[in-house]
Each structure stands twice: as C-alpha cells, then as structure tokens.
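Peer 1: kindly return the folded structure for what I paste below:
(chains A and B)
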Number of protein chains: 2
Amino acid sequence: MSQEKDYGRPTDVRAAEGVERWHDEADVIVVGLGAAGACAAIGAREAGADVLVLERAGGGGGTSANSTGEVYMGGGTPVQLACGFEDSPDEMYRYLMASCGPEPDEPKIRLYADTSVDHFHWLEGLGVPFKRSYYGDGSYIPTDDCLAWSGSELNARYAPHAKPAPRGHSARKEGIEAGAELMRALCAATERSGARIEPNVRVETLVQRRDRTVVGVVARIEGEERLLRARHGVVLCAGGFINNADMVARHAPWLARCKMRLAVDGDDGRGIRMGEGAGGEAIRMDTACIVLPFTVPKKHIQGLMVNAQGQRFINEDAYQSDVGEAALRHQDGQVWLIVDDSFYEVPFPPAEIAGVGETIEELEREVGFPEGTLQQTVAYYNAHAAKGEDPLFHKTAEFLKPLDTPPFAALDYRVEHSLWSVFTMGGLHTSIDGEVLSADGDRIPGLFAAGRTTSGLAAQGYSSGLSLADGTFFGRRAGLAAARRST
Amino acid sequence: MSQEKDYGRPTDVRAAEGVERWHDEADVIVVGLGAAGACAAIGAREAGADVLVLERAGGGGGTSANSTGEVYMGGGTPVQLACGFEDSPDEMYRYLMASCGPEPDEPKIRLYADTSVDHFHWLEGLGVPFKRSYYGDGSYIPTDDCLAWSGSELNARYAPHAKPAPRGHSARKEGIEAGAELMRALCAATERSGARIEPNVRVETLVQRRDRTVVGVVARIEGEERLLRARHGVVLCAGGFINNADMVARHAPWLARCKMRLAVDGDDGRGIRMGEGAGGEAIRMDTACIVLPFTVPKKHIQGLMVNAQGQRFINEDAYQSDVGEAALRHQDGQVWLIVDDSFYEVPFPPAEIAGVGETIEELEREVGFPEGTLQQTVAYYNAHAAKGEDPLFHKTAEFLKPLDTPPFAALDYRVEHSLWSVFTMGGLHTSIDGEVLSADGDRIPGLFAAGRTTSGLAAQGYSSGLSLADGTFFGRRAGLAAARRST
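Peer 2: Residues are numbered from 1 along each chain as shown, chains lettered A, B, ... in the order given. Next up is the predicted model:
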C-alpha cells in the first residue's frame, strides 16, 4: 500500500479529551463521495443538518462512477410497470432472502423490499434518469435502456421461491457511462442540497470520546492535520478493501487471484479499519462478488462449464457471480467452457482457446482432461438436452441443445487465464439506520457507515445492482439517522 | 446465549483512568484454563512473573480436556525416531504451508516447524506422557499409543510437496481420556509452577488505558465485580465461538448445520470479543474444522463419496476435515458414501442407509440420484480402479477396488442426517509472540492471546493436533512475552 506510507493509522483513534481546538465543524461529516456518501449527505441535509463531505480524490464518484450504474430496485417500480412486469415487495423479499444468503441481513432486506419503489422515486427526484424501457438481461447495458434481469431470478434455484421480475435499473446513458451518469446526478444533487464538499481531503482516523461516542475526524488538508468536529455523527462511506493486499490476505486470500478489481484506489479498507478502531465489528469478510464473464454472447450459456475433472458443477445460466463464486471457491478457479461450432463466437471479454477437436475425445485429450471424463459429461448432457432436460442442474430449456456440431472447443476460463473481476462485500456490521455495531451488537454512538464499507443486503450471494442499492438506500438512511441523533 | 444475560459486555472495555482501586493484581493475568491458558501461565512463570489464572468453569480443562489429546508435532521427535519415521523441520514446514492455506500464517509455521522437537521435550518435561509407539492413523486413538497420521500428509495433494511423516502425538491414555490426561498433566504443572488459579471467575471485560494499553480485567467473583490489575499483560485463552449462535450467523452461518460442536460452554467467543473491544482484529472468521466422520472402519475409504449429482468431488482418503470442508462448503452438505458388500460394516459413528440395490442402477433409483449419474460414476471409477488408478482424484492405490459385490448401499452422510462435528478456527490476529494486533497490524500493548481465541497455524486447512499445538506452543510464548513486557 504505497499510499499508506504518509497516511495516519486508521485504527489509531484520537482521544476527544485531548482535542484543544477544532478547526472546523458540522452536524454530520461524511467520509467519501461515492454513491453512499452522496446519498448520506443528501439524507442528512433532508433532516436539516449542516453537512461536510470529505473526499480523498480530486472529485466525487468513487467506484460507483466506474460501475454499470445499475441499481437493484423492485416491488413494482414505474419502469417495471411501464414495461409490463408484475412485482411486489413480498416477491422481491423472497428472492433476496433466498439468493443473498446464507443468513442475509433480514431486517435490511425486509425494509428495502418494502420501500424500494419509494427509493426509485427519490433517486429520480434527485435527477437520476431512468428510461421507461426494458433491455433484456445483464449487468451491463450498452444502450440507454433501463430495466434488466440482473440476478438469478429466473434460475431454477430461485424461481420456485419467488415470482421472477427484472429488477436491475440502469441510469439512462449509452455505453459504459451509466455509472458516471448516475454519479453526475448524485454529485450535482449533493451540491444542490447545500452540503459542503471538500475534495482532496484525506481522513486519517476518527476522534472518539472515552464513552465510545465518535465526535469527529482527523483529516489532512493541504498537508496539515485538521481536527473536524461532527456534532451529531460521522458516516463512513469509503468503499471496500479489495485494493488492500494485506486485508485480502488476512480475510479472503483467494480473491487475490482475480485479475480485475472493480475498485478505485480508495477501496483500501481504510473506512472499515476506522470503524474497527472505534469498536465496530467487520463481518462476512470472506464474501465478495466474483464475476466470471462468459455470457457475452449470451448463447454461450448453451456451453458446458466444466472443472478439472471434466465435470459440470453448476447450471450455466446461473448469474455470473454465482458461477464465479462456485468456480473460484469450489473448483479452485480451474474451469473451462465447452462449446461447439453451432454457437461459438469470439466472446467479450476474449477468452483463450485451450483446445479444439473434431470429436469430444480429441478435445478431451487436447486440453488434458482425465481420459473419458469429458466424453462422459457431454454424452450425458446431450442425451438429456435432446429431450429438453438437464437432470443435474436444471438449466433453462432455452439453453439446452446437444453439443453435436464439430469442431468442439474448450475456452480457457481458469482464473489466472481470464478476466475475472471482483470486489469485496464484507465490512462493518450496521443496523438498518447505518449505525455501526460492535461485536456485542451495541451501537457505537455517533458512528454510521454505508455502501461497501459495510456488509449490506447480500451476504455471499449477489445480484447486480445490490451494491448501489446498499449505497444509495442505506447511505441516505445513515445520513438521516446521523442528522437526527440527539446529542 | 443464556449465560450472556447476567454477564457484562466483553467489548465494553473499562477505562483505566476511572479505576479507583484494584482488588487484586498480578504481573500476568491469564483468562481461561484450557491447554492455551495452562501453557501461558507456565510460560509466564518460567519468566519469573507473578501469574493469576481466571477460569470461568469450576476447574481447568476446557475443550482441550474433551479433545483427543493429540498434539501435532514433528521435525524428528523422539517418538518419531523411536518408531522409525524420518522427519525434518523443513518437511514439516512444507507440509503445513501447503495444507494450512491459502495464506497460512507463515511466521508461525516457520517457527513452530523449527522448534517443534523442543516443544515436545517441554511438554514431556511438564509431565505429559507420550509412549514411544506408533498407532497407525486417525485423530482418535483407542489404545495408549502415541504416534499417528493425523492429517493429509500421505495424500496425493500434499505428498509431492513434502516428504510425509506421521505427526499426531497423543497423550498416553487408553480410550477417550487422552485429552483429559493431557489436561490433568498441564493443570498439575500449572499448579506446581506457582501460578494462582481461581476457578468460577467470570471475566467480563478488559481494563484499558487511553493509549490502548491493557492493564487489567473486570471480573465477577462470587457475584461481586472485581478489578484485577495486570502489571505486564493479559493473555486471552478463552476458546473459540462455535457456541455463540449470533457470531456463527454473522461470520460462518453454514457451521450451524453441523450437529456436534467440539466445544464447551465457554466457547462463546467472549475472548475474541474482548480482544475486539480493545482494538484487536478478528481474522479468518469463516474458517473451521469440519469433520465428516466416515472413516471408521478405515476400509470404508474404498467407498465413493458422491454429491447430489452422483458425482465424486474429492479423493476419499483426504483427511476427514478436508472432506468435511469440501462437502459442506462446496457440495452444500449433501453427500453419500457408496459401498459394496465386500467391505461394508456398520460404521462408527453410525450412518443411516439411504438406499440399497442389487445393482447400481437400482441403488441410484432408490436414493433418487439423477438417472444414469451414479451408474456413470461407478462405471468410470471401477474401470480405472481395476487398473489401480484414480484419474479424477488420485486416491491411494491401497483403497482402489472396483465396487462389484452386490448388494450396494448408499450411506447417508448429509449434514443434517449424520454426526458431523465442528469447531471454529478464526479469531484474533496475533504475532508469533501472541501479541494481539489491530486491523492496521499494530500491537495492542499488554494484550496477548492464544489457542482458539486466535487464528493460528492453520487458516482453513486442518490436521488434527494443530489446535493443541496452537494452544500449547503459542500459549507458552504468549505467557513468556507477557511476562517479559517492559512496562
């Protein structure tokens, strides 16, 4: 961590009793101006607080601005209705409870499912543009359309639990700029709200009273240490920890094998560590969103994802992050996609071809699967696919087609050989109001957090858009709660 | 946790500045009298410290006394030599580095491998009896013999990395009493050392100065709150957290599915939470030793362990905790052992028979595996086993025999249906001297920990005896370091 060198130690909390004078103050101080920080600031302003936002980079945006700009919302949003999809809070609740576990944060899921439509209106009211249009599926939408299947709702594992509906809502913008568009709107709304925004400010640690109440931060502004008082509360919205190699090694070392981190420099876990230093507990630190990107073109879902034993291990139509998690954690990241000539095209991102054969036997030999294994797997699959069945993993019939058009190929999706992407999902344990909790479940007075600095709606399972849901919805709530805290 | 009701909150650290008088004091206070606490107390006494041991139960022993009494030691111990096994610190180091990861604690492994023989002599010198005899393998030794293969040393996954040697050293005692015997010896040695031992004392939280130095504990003795000063340090040896349902849900919810917890009431995570409250970081909180007990009789390793798709997923001669971890985390705990009449006998612990068939086809139908899957798996296995090969997982040739003697049966080893056992391995992050570290890697002055209150030698992978190695070896070092800390 080169940037750590000239930084203070985030866990080394400063004693409030020793503070001789505050250089500045506000009712609520927000650390970080990504989606969570923006919504925390706006939320605190809604409650009438005087708000100061401190951003480490030269401007707002954070990882949210580099994201796909997709927010997971449902229960009957105007976009869902306009596009002819039925949904309800209860169906959304059931899907999230089934897919975000084991042991997801039930109170957060209940509240979010119940008020997700309100949240849509709130975001739209802030100026985030959502077109009344349906795209199809995926976590990335190249058009300016809005609605997409961004999770595993249709999947055989979850569809029996909850009536499926698409819930990914992307900000209206073509190409890869939807995240930037979302953050442009949210940063503009933050400015309009009257919150003071200070870029290029590094928050080094928290200031805490002996009774554990957090009363401010130590910041470095233009090289000078500054003590900034927060009359009501501090909200940590400083991202995750995938860019901190030591933290990854301590908590989730396998993630270091993924080549592409969905993160900015700031995702170095300082927010989490500040919270820990003040007595907060970090939980589910092993969890992450691990994306194995093999579904562009979508017809590649017709292929067979196999492990080093030539066995299938998941339905290939599972959401990319389900496939990624299963492949990395359960198959040691050693997986290949078997395709035939009838549907193969160069995928995006590209994948190396590990082997080609006129027969499956030849392909098996070429790649080096144990003799007979891939042949057995394909023969079994083909026999059932011909009948529209997948007795092993129940892949949707739409993608069931015998692999019978030579040549056959194996695409190399081993973690070291392809562009897996990853970000962390573990973080500070928080209440539905963003209050940071200790290992005993007690509130740390005056300390709040939101976004990827926290463990959010999803504990393990993931659907695209849940991180921006965590950030925007629970960010706002954290800001409101901080502003309203009686002191 | 019913016992939590009338307990103080462990994270709610008491301010040293507010202490008006100490009721008692010692150089070193040890919290908990299991293997780690005993060795911490003895270590601190070796360094000349005045030591006070506080044990919550009516007497010493803890989970160690209920264990198999097996300590993982090697590098050429007197027992290894007497039994004709060659070993070296480097081979032991290589095995532990390969099997205890990913990202095991390298400095701990290096030190322990290098000085494990000394540790053997130290334990023996304290009165722990080790017969110069070789038993065979297993984590449980019904005779009074000592040496056993207690890990995956011979396994195809690790043997290429390190020359195998048996390293499980069980205390000399027949039957299930070896753990109790070990703890009788260690508790007696603790008493002889001159440490004061106070049973029935509940430590509620730590006393800490504003500069983060831990200077004592708050204890409840006969219903009264007592402030006990530790001039040099406090050593937390209070076990793991498997008996705390909330902590399990927050950090490793899948563990709650295992029926049998290798633990005493005290394994409720209070030691970990005290350390967190004082600024220590808990790491690898998702890791555990998960034992799927199917290898008694040993010849059952000839069977095929299959998942819900009728597929094998591991070499059946992998260590029981490797099989358990793979089965619970990667196969959702849904596994069966396929046996034939030539080697089946009633296992210990007993397992229900999920189905029986004169043919594999009949068995497959009986249990409800997807049609054709189990037949394919067994046909493939048999064809290669007949040649002494296991191309999929490289099970040792000794256990490779075609399953061809009807009737065939499937033993139900699903986690909800059989006696899986579990204990947690995550805990406070510590240095090789047992110093508790913050999320920034800084020492919390005066605070030490050992045993299952810490993350130890093994981060994820496990071999039997490593917990008692952590407890006894790093417990002693923590006691020594606490005693020697200059104040």
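Peer 1: what strand or helix carries the closest residue in space to A:G451 that isn't next to it in sequence?
Peer 2: Counting by C-beta to C-beta, 6 or more residues apart in numbering or on different chains, the nearest residue to A:G451 once its immediate chain neighbours are dropped is A:A36, at 2.9 Å. Backbone N, C-alpha and C define where each C-beta goes, glycine included. Secondary-structure assignment from DSSP states H and E places A:A36 in helix A:35-46.
Peer 1: list the buried residues of the longest strand along chain A.
Peer 2: Under DSSP state E, the strand in chain A containing the largest number of residues is strand A:224-236. Of the residues in strand A:224-236, those buried under the neighbour-count criterion (16 or more other C-beta atoms under 10 Å in any protein chain shown) are A:R226, A:L227, A:L228, A:R229, A:A230, A:R231, A:H232, A:G233, A:V234, A:V235, A:L236.
Peer 1: so what are the sheet partners of that strand and their directions?
Peer 2: strand A:24-31 (parallel), strand A:214-221 (antiparallel), strand A:443-449 (parallel) (DSSP bridges).
Peer 1: winner for burial among those?
Peer 2: Of all those, strand A:443-449 has the most neighbours on average by mean count of other C-beta atoms under 10 Å in any protein chain shown, namely a mean of 27.
Peer 1: residue boundaries of the helices in chain A?
Peer 2: The residue ranges that make up the helices of chain A, judged by DSSP state H, are A:35-46, A:62-65, A:78-82, A:89-99, A:106-125, A:178-193, A:245-251, A:270-277, A:320-325, A:360-367, A:373-385, A:466-469, A:475-484.
Peer 1: okay, the ones you listed in a markdown table with mean neighbour count, distance to A:L52 and mean pLDDT next?
Peer 2: Shown next, in a markdown table, are the helices of chain A (neighbours: other C-beta atoms under 10 Å in any protein chain shown; distance: least, C-beta to C-beta, whole Å; pLDDT from 0 to 100):
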| stretch | mean neighbour count | distance to A:L52 | mean pLDDT |
| --- | --- | --- | --- |
| helix A:35-46 | 32 | 9 | 98 |
| helix A:62-65 | 28 | 17 | 96 |
| helix A:78-82 | 18 | 34 | 98 |
| helix A:89-99 | 21 | 34 | 97 |
| helix A:106-125 | 18 | 22 | 98 |
| helix A:178-193 | 22 | 11 | 98 |
| helix A:245-251 | 20 | 27 | 96 |
| helix A:270-277 | 30 | 16 | 98 |
| helix A:320-325 | 25 | 35 | 92 |
| helix A:360-367 | 19 | 57 | 98 |
| helix A:373-385 | 20 | 59 | 98 |
| helix A:466-469 | 29 | 24 | 98 |
| helix A:475-484 | 27 | 12 | 98 |
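Peer 1: circling back: is it true that the residue nearest to A:G451 touches A:F473?
Peer 2: No - between A:A36 and A:F473 there is no contact, the gap being 9.4 Å when judged by C-beta atoms under 8 Å.
Peer 1: return the residues of the stretch 251-400 of chain A in contact with chain B.
Peer 2: Counting by C-beta under 8 Å from any C-beta of the partner chain, the stretch 251-400 of chain A comes close to chain B at A:251, A:253-254, A:269, A:272-273, A:276-277, A:279, A:281-286, A:309, A:311-312, A:329-330, A:370-373, A:376, A:380, A:383, A:391-393.
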